[in-house]
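Trainee: The amino acid sequence is not available; the structure is as follows:
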């Protein structure tokens, strides 16, 4: 197994993932956005254009900024009453408990906010976030995100989960992570112990292509599942990575085979330098229709858009009903009259 994460353009050059001719452009990208490929991710790559490599290897197109792209595309800042906490929906909030990740996805909607050198929440910041939640009895669910919460010292994670567990109105604790896929060795006994709580704890695991489910990744997911922790999925619809019905079907089956219920398929957020990953909503809806006919209902995620500006997520699944509600379309495209 490879031992070192690749974090600089020179690392990528020495490992053979970029050519000498590409180095100046990739150095320019690295001045704007963080780079990191863990040993686990490196082991899953086959060549620089494969569907996993495209997610992590920096690309000169990241320096092309469209007029509609935003540093804060989902409006975190507009709904942040205290540092690191976002309260967008009435009954739930999220805490950006870590500002670093083991890997950096090139399409990430927080790509301008995270990376080495970013300031993590201090113990005082965490205290203020907990106090805010305590003072808002409508908050029923708390989501730990980042960065990646699983990159934290397990003692900090355990302390945060314990403090949230002591708040009576908080019934659900959710953690969003890429670690089981991108850095599976981090799913250690200490981390598993940190997750223990009497409250309902749910983990959302991010993957975008079936190739990401290495033996090590599946073993790490199994550890979480054997703890009795419910697992759900998150994916982003990405051009030339998973924008085809066969790949999406295989991905959703992989999730379910590993005990992860397909949850969200995200339409790409307009973060800076991500337009080369964009898939149209129309194509996304067509793919969702194809998926309906290919795989079990248990494998169907909800296709959602996080409305730019901080207005929250809305489902953008295709409709199978005609506008006059008199006909319904089956998964093969056949139309049928409704009699009610």
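Mentor: Sure thing, it's come through. Everything numeric in this text was worked out from a predicted model, so none of it was measured. Numbering: from 1, shown residues only.
Trainee: The strand or helix carrying residue 95 pairs with which strands?
Mentor: Take DSSP states H and E as the rule and residue 95 turns out to sit in strand 92-96. Sheet pairing here is set by DSSP bridges, and for strand 92-96 it gives strand 85-89 (antiparallel), strand 141-145 (parallel).
Trainee: nearest to residue 308, of the ones you listed?
Mentor: Smallest distance to residue 308 across these (C-beta to C-beta): 13.0 Å, for strand 85-89. The C-beta positions use only the backbone N, C-alpha and C, and glycine is treated the same way.
Trainee: Next, the buried residues of stretch 53-68.
Mentor: By neighbour count on 16 or more other C-beta atoms under 10 Å, the buried set for stretch 53-68 is 53, 54, 55, 56, 57, 58, 59, 62.
Trainee: Pipe those into JSON lines and attach pLDDT and secondary structure per row.
Mentor: Formatted as JSON lines, the buried residues of stretch 53-68 follow (pLDDT from 0 to 100; DSSP: H, G, I helix; E, B strand; the rest coil):
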{"residue": "53", "pLDDT": "97", "secondary structure": "helix"}
{"residue": "54", "pLDDT": "97", "secondary structure": "helix"}
{"residue": "55", "pLDDT": "97", "secondary structure": "helix"}
{"residue": "56", "pLDDT": "97", "secondary structure": "helix"}
{"residue": "57", "pLDDT": "97", "secondary structure": "coil"}
{"residue": "58", "pLDDT": "97", "secondary structure": "coil"}
{"residue": "59", "pLDDT": "97", "secondary structure": "coil"}
{"residue": "62", "pLDDT": "96", "secondary structure": "helix"}
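Trainee: Going C-terminal from the strand holding residue 95, what's the next secondary structure element?
Mentor: Once the chain leaves strand 92-96, the next helix or strand it forms, by DSSP H and E, is helix 123-134.
Trainee: My understanding was that residue 234 contacts residue 208; is that so?
Mentor: No: using C-beta atoms under 8 Å, residue 234 is not in contact with residue 208, being 9.2 Å away.
Trainee: On the C-terminal side of the lowest-mean-pLDDT helix or strand in the chain, identify the next helix or strand.
Mentor: When the helices and strands of the chain are scored by mean pLDDT, DSSP states H and E, strand 327-329 comes last with a mean of 92. Using DSSP H and E, the helix or strand that directly follows strand 327-329 along the chain is strand 335-337.
Trainee: Now tell me what touches that next one from outside.
Mentor: Contacts to strand 335-337, defined as C-beta atoms under 8 Å, 6 or more residues apart in numbering, come from residues 322, 326, 327, 328, 329, 330.
Trainee: Kindly compare burial across the strands paired with strand 92-96 and name the winner.
Mentor: Sort those by mean neighbour count, taking mean count of other C-beta atoms under 10 Å, and strand 141-145 sits at the top with a mean of 21.
Trainee: Identify the residues contacting the most centrally placed residue in the chain.
Mentor: Of all residues in the chain, the one closest to the mean position by C-alpha atoms, centre = their mean is residue 206, 4.4 Å from it. Listed by C-beta under 8 Å, 6+ apart, the contact set of residue 206 reads 176, 177, 178, 181, 233, 234, 235.
Trainee: how about 7 Å then?
Mentor: Residue 206 makes contacts with 178, 181, 234, 235, as judged by C-beta atoms under 7 Å, 6 or more residues apart in numbering.
Trainee: The first one is in contact with residue 147, isn't it?
Mentor: Put plainly, it is residue 178. No: the criterion here is C-beta atoms under 7 Å, and residue 178 misses it with residue 147 at 10.0 Å.
Trainee: who touches both of these two?
Mentor: residue 101.
Trainee: Format the contacts of strand 335-337 as JSON lines; extra columns: distance to residue 194 and neighbour count.
Mentor: Conversion of the contacts of strand 335-337 to JSON lines gives the following (distance: C-beta to C-beta, whole Å; neighbours: other C-beta atoms under 10 Å):
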{"residue": "322", "distance to residue 194": "51", "neighbour count": "13"}
{"residue": "326", "distance to residue 194": "55", "neighbour count": "11"}
{"residue": "327", "distance to residue 194": "53", "neighbour count": "13"}
{"residue": "328", "distance to residue 194": "48", "neighbour count": "14"}
{"residue": "329", "distance to residue 194": "47", "neighbour count": "15"}
{"residue": "330", "distance to residue 194": "47", "neighbour count": "11"}
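Trainee: Cheers, nothing more for now.
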